[in-house]
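> Structure for this input, please:
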Amino acid sequence: METTKTLTIIKPTAMKKHYHTGILRDITDNGFNIKALKMMQMTRHQAERFYDIHEGKPFFKKLVDFMCSGPVIVALLEAEDAVNAYRRFIGATNPENATDKTLRHKYGSSLTENAVHGSDSDENAEKEAAFFFSETEIFDY
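So this is what the prediction gives:
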């Protein structure tokens, strides 16, 4: 299996509840290597651009408002078949439907405040990584 990359965002509610250290520990303990990492506060413009695929949907404004409501941690992760492996690891979007031991089951609050974002395809992982990180911020070691 090929080693690939995926992007995750630890969302504002998980940050406010101080879950970020547990989430990062769980990520690395489960075989994902962190290739880039930063804490930031997304601007409205950044959140609208990042989630532009959802523009026009009823939840778009609420999602943008939420993602701008506090700091987030953005990380580029590497693993074998990273996108699919991470999607399985984070669980269903709604924490109530996520299986035990998944990040969203352990740390998510609700459908909209589900603790973490994960890329949904290799193509989107590349786009999302380029959105947040320059080449000099991504490390291969």
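
> going forward, measure contacts and count neighbours with C-alpha atoms only.
OK.

> quick one: the strands in this structure?
Counting by DSSP state E, one finds strands in the chain at the ranges 3-10, 33-40, 72-80, 116-118.

> Relative to the first one, what are the paired strands and their orientations?
Using DSSP bridges, the strands paired with strand 3-10 are strand 72-80 (antiparallel), strand 116-118 (antiparallel).

> what's the angle between the longest one and strand 33-40?
Angle between the axes of strand 72-80 and strand 33-40 is 170 degrees (criterion: axes from the mean of the first three to the mean of the last three C-alpha atoms, to 10 degrees).

> Tell me, how many residues neighbour Met39?
Here the number of neighbours of Met39 (other C-alpha atoms under 10 Å) works out to 12.

> what about it, distance to Ile9?
Noted for Met39: a distance of 10 Å to Ile9, by C-alpha to C-alpha, to the nearest Å.

> Could you do Thr28 as well?
15 Å.

> And those two? Which one has more around it.
Counted by other C-alpha under 10 Å, Thr28 and Ile9 do not tie: Ile9 has more neighbours, with 19 against 12.

> contacting residues around that one?
72-75, 116-118 (C-alpha atoms under 8 Å, 6 or more residues apart in numbering).

> That one pairs with what?
Val74, His117.

> For it, give its distance to Met1.
For Ile9, the distance to Met1 (C-alpha to C-alpha) stands at 25 Å.

> ditto for Glu137
On the measure of C-alpha to C-alpha, Glu137 and Met1 end up 26 Å apart.

> Look at the two and report which has more neighbours.
Each of Glu137 and Met1 has its neighbours counted (other C-alpha under 10 Å); Glu137 has more, 12 against 6.

> hang on, that one packs against Ala36?
Yes. Counting by C-alpha atoms under 8 Å, Glu137 touches Ala36, with 6.1 Å between them.

> list residues touching both of Met39 and Ile9?
With C-alpha under 8 Å, 6+ apart, Met39 and Ile9 have common neighbours 72-74.

> Give the burial count for Ala47, as a bare number.
19.

> Just list the residues touching it, thanks.
Taking C-alpha under 8 Å, 6+ apart, we find Ala47 in contact with 64, 67-68.

> Quick one: end-to-end length of stretch 132-141, please.
Taking C-alpha to C-alpha, stretch 132-141 runs 20 Å from one end to the other.
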